[in-house]
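Asker: pasting the sequence and the predicted coordinates here, then a few questions.
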There are 2 protein chains.
Amino acid sequence: MSRAAVSKVIRNAYGVSPGMRTRVETAIEQLGYRPSVAARALRGSSYRLGLEVPHVNARFMTQIMTGAKKAVSGTPYQVILAPADGPEYSTLESLADGLVDGIIAVSPLVAPAWLEQLAVRIPVVMLGRHDTPSGYDTVIGDDHTGARAVMRHLFDLGHRRIAHLTEPEPVTAPGTGTPHAIRLEVYRTCMEEAGLGDLVQVARRHDNSEPARQAAAELVARPDPPTAIFAGHDDIALDALAAVTAAGMRGRVAVTGYDNTDLAEHPLIDLTSVDQQGVEMGAQAATMLLERLQGRTEPRHYTATTTLHVRGSSTRLPS
Amino acid sequence: MSRAAVSKVIRNAYGVSPGMRTRVETAIEQLGYRPSVAARALRGSSYRLGLEVPHVNARFMTQIMTGAKKAVSGTPYQVILAPADGPEYSTLESLADGLVDGIIAVSPLVAPAWLEQLAVRIPVVMLGRHDTPSGYDTVIGDDHTGARAVMRHLFDLGHRRIAHLTEPEPVTAPGTGTPHAIRLEVYRTCMEEAGLGDLVQVARRHDNSEPARQAAAELVARPDPPTAIFAGHDDIALDALAAVTAAGMRGRVAVTGYDNTDLAEHPLIDLTSVDQQGVEMGAQAATMLLERLQGRTEPRHYTATTTLHVRGSSTRLPS
DNA sequence: GACCAACCTCGAAACGTTTCAAGGACCGCG
DNA sequence: CGCGGTCCTTGAAACGTTTCGAGGTTGGTC
């Protein structure tokens, strides 16, 4: 029989008789034949979607991945993960170079213009971008609302001397539109609105790949330590909790996180955190990619709502 | 110029003049040319290694990934991650179908015979296999020593009523040679050697994808609750800690883990755990793959040594 | 000046699919 | 019985690399 026939059977396309179909199928069975993804990718599509994340151990990523996998289940697509752990550009490029049909990326550092270029070659969904580009889709949490909820919560608890612990400079630079830039901005705004502009304290983890624990330790070791720490996300919040605990100030410094990671609800951690529906975000991102692959061209932008989960880590200011 | 020339320049192979080289390089630069991985994979190799893990949120995996990435840095190879979160066979096959040149897999459930088959098509390194197959390489921790160290430690602390909290049945079935089967076996042996055979209590998380928290809760809710829980790995230990804490028995039930995950040293978790050099294991696995790709055919089997890290979660039995 | 070797360059085949257009068989209808 | 149309089937081109062998040029030696 001809390859064309086999191809049609595999993709169960139109125009193949039942007889031919069964003949091909038994042959496939007997020979243990498996189609080559490489050859498929060369001619058409690889049926793989790539998820690029900045770090292997970014806990938020598992939510995204879970959602993405859920969204593609039942389709012929698979999701693979490519942690950058360094240069984001090259990781993205190596994904785009034919390995996958579409890319979901969490790359705060790559330039929008560069992404527009990339999106010409291959469909791209960016997570955590507050701009509204025309060439690719975005999925983002409502960081304004989320961060405001955190600040109001801390104010309500009586805190005034509130510090913000966040990522290194480039990620939070104003105008980049990263979630961390927004959260920082909201922090500043809220402090100023409350007339606490001179109490603003921003600490950052020193190196992108190092934990934020030392930065948090320096924060609580100051002569005027904060009574509350608003951490940029749960991983950082965990480091803050570690530093606070190590300094023997457990329970005397409130700590809040962001992302509502699995660990936040662990009774030993018990971290107040903002849920931004990571799983749903991942699912939306994957769905958007599938739509693109089916021909959609106009951009879509999805914003997830946020919910503050109050837990034990955010303690009331002792009066 | 010819494609052959371009090909040679890219792979900087022998037999191309400096003039031609620079000409090709400027052209590449100007056109923004990027080689297609798919086409490469079709003809030769894709320069991608695949790491297959059972779950997205298995924390041990980040150690493996970190090690693997370290090992391939400086080579043209990249590592991508494919979490199974369900059928391991199909995930492995979809990796093998041309996406990657080699596979590192943590798949306790796939049959050895099937793996031998797979290894004919593509180099495979299995993590966590105590058998010594001939067709593929293995990387494993010294589970006998590690588990014995845990048991001795708990005995030394005065514990007798020690429970083992582990994975569901199929993963720990005797004879499968999975790390969890060994740890379970060592647990039983140690208990019997100490004359405590009738105090053996084995609990399992009910479903493979659900946390072990409920199983742990049932354990501590028994009329004769254990005074110590030897958990199969850190993720499970975390669930055990959660259950113990929720039951108000914090500090009255010792808990130990395995893998020495990042979180184990967090002061709020402070989990006694066995370090089996996950990063080194990942690096070894990747190195073995690279060796295979360069022609090695005889199998290699690497065993990592273990170290018990004693922390606050393993409390002495109150007398 | 002729011959040979070394070196560079290039054309073409091959990898395993998808897809297009063309060829064939079969059926129904006039 | 012949004609047209509908399915089914197939051959061949194409995707973008790598690799092999052949061809061409250059320089050196006798």
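Answerer: Alright, I've got the coordinates. Numbering: from 1, shown residues only, chains lettered A, B, ... in the order given.
Asker: CA atoms for contacts and neighbours, from now on please.
Answerer: Will do.
Asker: check whether A:Ala254 really touches A:Ala237, as I assumed.
Answerer: No - A:Ala254 sits out of contact with A:Ala237 when judged by CA atoms under 8 Å, with a separation of 10.3 Å.
Asker: would you mind listing what in chain A touches DNA strand D?
Answerer: Near DNA strand D, the residues belonging to chain A are A:1-5, A:14-17, A:19-21, A:39, A:42-43 when assessed by CA under 7 Å from any atom of the strand.
Asker: narrow those to those in strands?
Answerer: The members of the residues of chain A next to DNA strand D all map outside strands under DSSP state E.
Asker: which among those residues end up buried?
Answerer: Buried by 16 or more other CA atoms under 10 Å in any protein chain shown: A:5, A:21, A:39, A:42, out of the residues of chain A next to DNA strand D.
Asker: which two of those have the greatest separation?
Answerer: Greatest spacing in these, by CA to CA: A:Arg21 and A:Leu42 (25.1 Å).
Asker: spatially nearest residue to the residue in chain A that DNA strand C sits nearest to (excluding sequence neighbours)?
Answerer: Per CA to the nearest atom of the strand, A:Pro35 is where chain A lies closest to DNA strand C, at 3.0 Å. Nearest non-adjacent residue to A:Pro35, counting by CA to CA, 6 or more residues apart in numbering or on different chains: B:Asp97, 6.8 Å away.
Asker: contact partners for that neighbour?
Answerer: For B:Asp97, the contact set (CA atoms under 8 Å, 6 or more residues apart in numbering or on different chains) comprises A:34-38.
Asker: which of these has the most neighbours?
Answerer: In terms of neighbours by other CA atoms under 10 Å in any protein chain shown, those top out with A:Ala38 at 27 neighbours.
Asker: what's the closest non-adjacent residue to that one?
Answerer: Nearest one to A:Ala38, counting by CA to CA, 6+ apart, is B:Ala38 at 4.6 Å.
Asker: spit out the contact partners of that neighbour.
Answerer: Contacts of B:Ala38 by CA under 8 Å, 6+ apart are A:37-39, A:41-42, A:97-99, B:46.
Asker: now, which of those residues sits nearest DNA strand D?
Answerer: Top of the list for closeness to DNA strand D, among the contacts of B:Ala38 and by CA to the nearest atom of the strand, is A:Leu42 at 4.6 Å.
Asker: and that closest one, what pLDDT?
Answerer: Listed pLDDT for A:Leu42 reads 91.
Asker: what's the distance between it and chain B?
Answerer: A:Leu42 is 5 Å from chain B, where distance means CA to the nearest CA, to the nearest Å.
Asker: burial of the residue nearest to A:Ile162 when sequence neighbours are not counted, as a residue count?
Answerer: Spatially, and ignoring its direct neighbours in sequence, A:Ile162 is nearest to A:Ala228 (4.8 Å; CA to CA, 6+ apart). Per other CA under 10 Å, the neighbour tally for A:Ala228 reads 27.
Asker: wait, what's in contact with A:Ala228?
Answerer: A:154, A:159, A:161-163, A:253-255, A:314.
Asker: and the residues you listed as CSV, adding neighbour count, pLDDT and secondary structure?
Answerer: Shown next, in CSV, are the contacts of A:Ala228 (neighbours: other CA atoms under 10 Å in any protein chain shown; pLDDT from 0 to 100; DSSP: H, G, I helix; E, B strand; the rest coil):
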residue, neighbour count, pLDDT, secondary structure
A:Leu154, 25, 98, helix
A:His159, 21, 98, coil
A:Arg161, 19, 97, coil
A:Ile162, 25, 98, strand
A:Ala163, 25, 98, strand
A:Val253, 23, 97, coil
A:Ala254, 27, 98, strand
A:Val255, 31, 98, strand
A:Ser314, 25, 97, coil
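Asker: right, and out of these, which lies closest to B:Pro179?
Answerer: Nearest to B:Pro179 among those, with distances taken as CA to CA, is A:Val255, at 37.7 Å.
Asker: how about that closest one: which residues does it bridge to?
Answerer: Beta-bridge partners for A:Val255, by DSSP bridges, are A:Ile229.
Asker: you'd agree it is up against A:Val310?
Answerer: No - in this structure A:Val255 lies outside contact range of A:Val310 using CA under 8 Å: 10.8 Å.
Asker: show me the common contact partners of these two, please.
Answerer: A:271-272.
Asker: that's a strand at A:Val202, yeah?
Answerer: Yes - counting by DSSP: H, G, I helix; E, B strand; the rest coil, A:Val202 falls inside a strand.
Asker: what's opposite it in the beta bridge?
Answerer: A:His164.
Asker: so the closest residue to DNA strand D within the stretch 151-300 of chain A versus chain B, what's the distance?
Answerer: Residue of the stretch 151-300 of chain A nearest DNA strand D, by CA to the nearest atom of the strand: A:Leu293 (17.6 Å). Note on A:Leu293: its distance to chain B, by CA to the nearest CA, is 18 Å.
Asker: mind checking pLDDT for that residue?
Answerer: Per-residue pLDDT puts A:Leu293 at 94.
Asker: excluding chain neighbours, what is closest to it?
Answerer: A:Pro123 is the one closest to A:Leu293 (CA to CA, 6+ apart), at 7.4 Å.
Asker: is it true that that neighbour touches A:Leu290?
Answerer: No - taking contacts as CA under 8 Å, A:Pro123 lies outside contact range of A:Leu290: 9.2 Å.
Asker: more neighbours: which of these two?
Answerer: Set A:Pro123 next to A:Leu290 and count neighbours by other CA under 10 Å: A:Pro123 wins out with 24 against 20.
Asker: which of the contacts of B:Asp97 fall in helices?
Answerer: A:37-38 (DSSP state H).
Asker: which residues in the stretch 101-250 of chain A form helices?
Answerer: Under the criterion DSSP state H, counting those that start in this stretch, the stretch 101-250 of chain A contains helices at A:112-121, A:143-156, A:169-172, A:179-193, A:213-220, A:234-246.
Asker: which neighbouring elements make contact with the first one?
Answerer: Using 3 or more CA pairs under 8 Å, 6 or more residues apart in numbering or on different chains; DSSP states H and E, no helix or strand is in contact with helix A:112-121.
Asker: now that helix: average pLDDT?
Answerer: 93.
Asker: how about that helix: buried residues?
Answerer: For helix A:112-121, by 16+ other CA under 10 Å, it's A:112, A:115, A:118-119.
Asker: what of the second one?
Answerer: Within helix A:143-156, the residues that count as buried by 16+ other CA under 10 Å are A:143-151, A:153-155.
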